[in-house]
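Q: Predicted structure and sequence below. I'll ask about it afterward.
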Amino acid sequence: MNNEFTFSIKSISLDENYHPADSTRITTNFANLARGESRQQNLRNALNMIDNSFNSLANWDNPKGDRYSVELEIVSVDMNIRGGDLNFPSIEILKTHIVDHKTDERIEGIVGNNFSSYVRDYDFSVRLLEHNKDKQGFSIPEDFGDLHGKLFKHFVNSEAFKQHFKKSPVICLSVSDNKTYHRTENHHPILGAEYTPNESSLTEQYFKKMGLQVRYFMPPNSVAPLAFFFFGDLLNDYTNLELISTISTMGTFQKIYRPEIYNANAAAGNVYKPNLKNQDHSLTQIVYDREERSQLAVKQGKFAEEHFIKPYQTVLEHWSANYAL
C-alpha cells in the first residue's frame, strides 16, 4: 500500500539568475525574492548576507572572514500516484552546499531549511478556515495534519530521498509571536542559547505529525531564537559547518521576512515574547511584500484542493488509513 505514491526529485541553483519555475509556490521565501524589478539585486544581497553570516559564525582558521561561501539548491519534489498521470508539486526544500576557498572543497550541507508544501497551504489556509467559519471560538479538526504528516514521512523514507540525501532534513522556522520563550542554562557553541516555549503551538503539533521534534536556539550574533525541526539528535547528527549553513541561510531569510523579530535593535532577553509590531528594528535592502504572500497562500491552498485533495480524495483516504512505515 505504501507504494501507491512515488516521488521524483529535481533541483535548480538558487543564485542571482534564478527564475521561479511555473510549479514553484510563489509564497516560497526565495521565489518571492526573485520577482519584480529588484529581483536580481534582492537575490545578490540575500546571498551576500548568507555568506557574511556564515563566515562570522565559522570564524576559526578564517582570519579575513572570507574563507567560505554558501551555494543553495532548490529541491522540488513531485508526487506521482500509481496508475495515474498526476505529477503533483508536493514539496519544496532547500539544500545547502559549503565552498571552502582555502581547501577548494565543496562540502555537502543540510537539506530542508526552508519548507514549502501545497498540502500544508490547503490545511492552514483552506481547511482550517472552513472548519472554523461558523463556529464560536477556534478549534482544530481531529485529523488535522494527518495526511500531510504521513506523506512527508513517506517521502523522507522513500528510495528517492535516500538516493539524493545522506542525512535527515532539518527545517528552520521563525518563532511564534503568540508564545513566550524562556532562556535555559543550555548553550551550544554553534546553535547558541537554548530557549523553551511556555506552551506548544499548532505549528509544533503539525510538524510532530511529520515525525519532527523541535528545539529553539538563539545563535551567536542573532537577536531572537530560531525554531529547528529535526529527526534524531540535532546537536550530534550534524557537523558545525552543516549547522552553520542552516543558521546563516535561514537567519538571513528571517531578517528579510520578519525584521521586527530577527532584525530588531535589541536582543531577546531571558524571557522573550516576539512582537511583529516592534518598531525598534532595521530593514534590509531587500524588497518583500508580506501581505501579498499571505494572500497567495490561500490561492495555493485552493489549488491543492482542486488538483489533488478533491480528485484523489478516495485514494488518499484509503492510503492514509492503511499507511505504515
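A: Alright, I've got the coordinates. Numbers count the residues shown, from 1 in each chain.
Q: the strands in the chain, which residues?
A: Remark: strands assigned in the chain by DSSP state E are 5-14, 68-81, 87-100, 105-117, 170-174, 181-188, 192-197, 213-218, 226-230, 271-272.
Q: got these as TSV, with mean neighbour count columns?
A: C-beta coordinates here come from the backbone N, C-alpha and C atoms, glycine included. Output for the strands of the chain, formatted as TSV (neighbours: other Cβ atoms under 10 Å):
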stretch	mean neighbour count
strand 5-14	16
strand 68-81	20
strand 87-100	21
strand 105-117	21
strand 170-174	22
strand 181-188	15
strand 192-197	19
strand 213-218	20
strand 226-230	23
strand 271-272	16
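Q: Name the nearest residue to the spatially most central residue of the chain, sequence neighbours excluded.
A: Nearest to the mean C-alpha position of the chain, counting by Cα atoms, centre = their mean, stands Asn114 at 2.5 Å. Nearest non-adjacent residue to Asn114, counting by Cβ to Cβ, 6 or more residues apart in numbering: Leu94, 4.5 Å away.
Q: what's the distance between the one you found and Phe207?
A: As judged by Cβ to Cβ, to the nearest Å, Leu94 and Phe207 stand 17 Å apart.
Q: Same check on Lys153?
A: Separation of Lys153 from Phe207 (Cβ to Cβ) stands at 11 Å.
Q: ok, those two, which is more surrounded?
A: Phe207 (24 against 17; other Cβ atoms under 10 Å).
Q: Quick check: the more buried one touching Phe231?
A: No: under the criterion of Cβ atoms under 8 Å, Phe207 is not in contact with Phe231, lying 10.9 Å apart.
Q: quick one: the helices in the stretch 151-300 of the chain?
A: In the stretch 151-300 of the chain, the helices defined using DSSP state H, counting those that start in this stretch lie at 159-164, 202-209, 240-257, 259-262, 290-304.
Q: neighbouring contacts of the first one?
A: Put plainly, it is helix 159-164. Here helix 159-164 makes contact (Cβ atoms under 8 Å, 6 or more residues apart in numbering) with 6-9, 75, 77, 111, 155.
Q: Also stretch 51-62?
A: So stretch 51-62 is contacted by 65-70, 98, 102, 190, 219-221, 240-241, 244-245, 247-248, 251-252 (Cβ under 8 Å, 6+ apart).
Q: what about that stretch, how long is it end to end?
A: 13 Å (Cα to Cα, to the nearest Å).
Q: What residues of that stretch count as buried?
A: 51, 53-55, 57-58, 62 (16 or more other Cβ atoms under 10 Å).
Q: pLDDT averaged over it - what is it?
A: On average, the pLDDT along stretch 51-62 is 96.
Q: what's the spacing between it and its chain's center?
A: 22 Å (Cα atoms, centre = their mean, to the nearest Å).
Q: quick one, what contacts Tyr181?
A: Taking Cβ under 8 Å, 6+ apart as the definition, contacts of Tyr181 comprise 175, 195-198, 216, 225, 268, 271-274.
Q: same question, Phe308
A: Phe308 neighbours (Cβ under 8 Å, 6+ apart): 86, 88, 118-119, 122.
Q: 7 Å - rerun?
A: 88, 118 (Cβ atoms under 7 Å, 6 or more residues apart in numbering).
Q: swap in Asp177?
A: Contacts of Asp177 by Cβ under 7 Å, 6+ apart are 274-276.
Q: By neighbours, which of those wins?
A: Pro274 (21 neighbours).
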